[in-house]
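Asks: structure, please.
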Amino acid sequence: MSKQSSTKSKKWKDLVNEFRSKSDRAVVILGAAYLKTHLGGLLESFFIDDPEISEILLGQESPLGSFSTRVKVAYSLGLLSPNEYRDLLVIQAIHKEFVGEIEEVKFTNDEIRELCFRLKIPREVLLPGETLTPRRLFVFATAFLAQQLMLRTSQAAREKRAPRENILLVDMK
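Replies: Numbering: from 1, shown residues only. As a prediction, this is how the structure comes out:
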């Protein structure tokens, strides 16, 4: 295993371990924040090399500051697979449920449970016979997607955009 693969695997395991001791609300809020940060890194690695423009676009109160907008833009640029896109939107919907309610929200609530069971990636990757609780599906999907976003970020950096050459309005030939 390469050093980079080992580091990514450790980060994935660290994230899962951190979630074990947290409340359901904390898991969802931290997981969404973690994914939002990785989506920002993915987009920035693809953008032209201009930190000022990246900050204008990706800052908290900026056009690409929200989780759902980052998901949609990354997908529209071809940086995410359809399943990643779909599961990220489900995670965003779960996050919205948790932060939108003042009362205690848990993974066992019907709406949240239903959303967790819509996550596609865990069903494709987890072994048959493993216990699929809503919390486990969410944690697995979040950790898996975080790892995928790190991989996508390195891929996007190799495809980094560059400003176009200045063009002439009139062809002088």
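Asks: look at the spatially most central residue of the chain and give its secondary structure.
Replies: The centroid of the chain falls nearest to Leu35 when counting by C-alpha atoms, centre = their mean (3.6 Å). Three-state call for Leu35 (DSSP: H, G, I helix; E, B strand; the rest coil): helix.
Asks: Thr142 versus that one, what's the distance?
Replies: Distance, Leu35 to Thr142, by C-beta to C-beta, to the nearest Å: 6 Å. C-betas here are computed from N, CA, C, even on glycine.
Asks: before we move on, what about Gly129?
Replies: 22 Å.
Asks: ok, now which ones touch Arg161?
Replies: The contact partners of Arg161, by C-beta atoms under 8 Å, 6 or more residues apart in numbering, come to Phe46, Phe47, Ile48.
Asks: I'd like to know which helix or strand in the protein has the lowest mean pLDDT.
Replies: helix 3-20 (a mean of 61; mean pLDDT, DSSP states H and E).
Asks: okay, the contacts of Arg161 in a markdown table with neighbour count, pLDDT and distance to Leu39 next?
Replies: Shown next, in a markdown table, are the contacts of Arg161 (neighbours: other C-beta atoms under 10 Å; pLDDT from 0 to 100; distance: C-beta to C-beta, whole Å):
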| residue | neighbour count | pLDDT | distance to Leu39 |
| --- | --- | --- | --- |
| Phe46 | 21 | 95 | 11 |
| Phe47 | 18 | 95 | 13 |
| Ile48 | 11 | 92 | 18 |
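Asks: out of those, which are inside strands?
Replies: Counting by DSSP state E, no part of these is found in strands.
Asks: shared neighbours of Leu35 and Thr142, anything?
Replies: With C-beta under 8 Å, 6+ apart, Leu35 and Thr142 have common neighbours Ile91.
Asks: out of Gly129 and Thr142, which sits in the busier spot?
Replies: Using other C-beta atoms under 10 Å as the criterion, Gly129 and Thr142 rank with Thr142 on top: 28 against 6.
Asks: remind me which residues of the chain are low pLDDT?
Replies: 1-17, 127, 170-173 (pLDDT under 70).
Asks: which residues in it form helices?
Replies: Secondary structure of the chain, counting by DSSP state H: helices at 3-20, 24-46, 51-58, 67-76, 82-100, 110-116, 121-125, 134-158.
Asks: measure how the fourth one sits relative to helix 24-46, angle-wise.
Replies: Interaxial angle, helix 67-76 versus helix 24-46 (axes from the mean of the first three to the mean of the last three C-alpha atoms, to 10 degrees): 40 degrees.
Asks: could you do the third one as well?
Replies: What separates the directions of helix 51-58 and helix 24-46 is an angle of 140 degrees, with the same axes, to 10 degrees.
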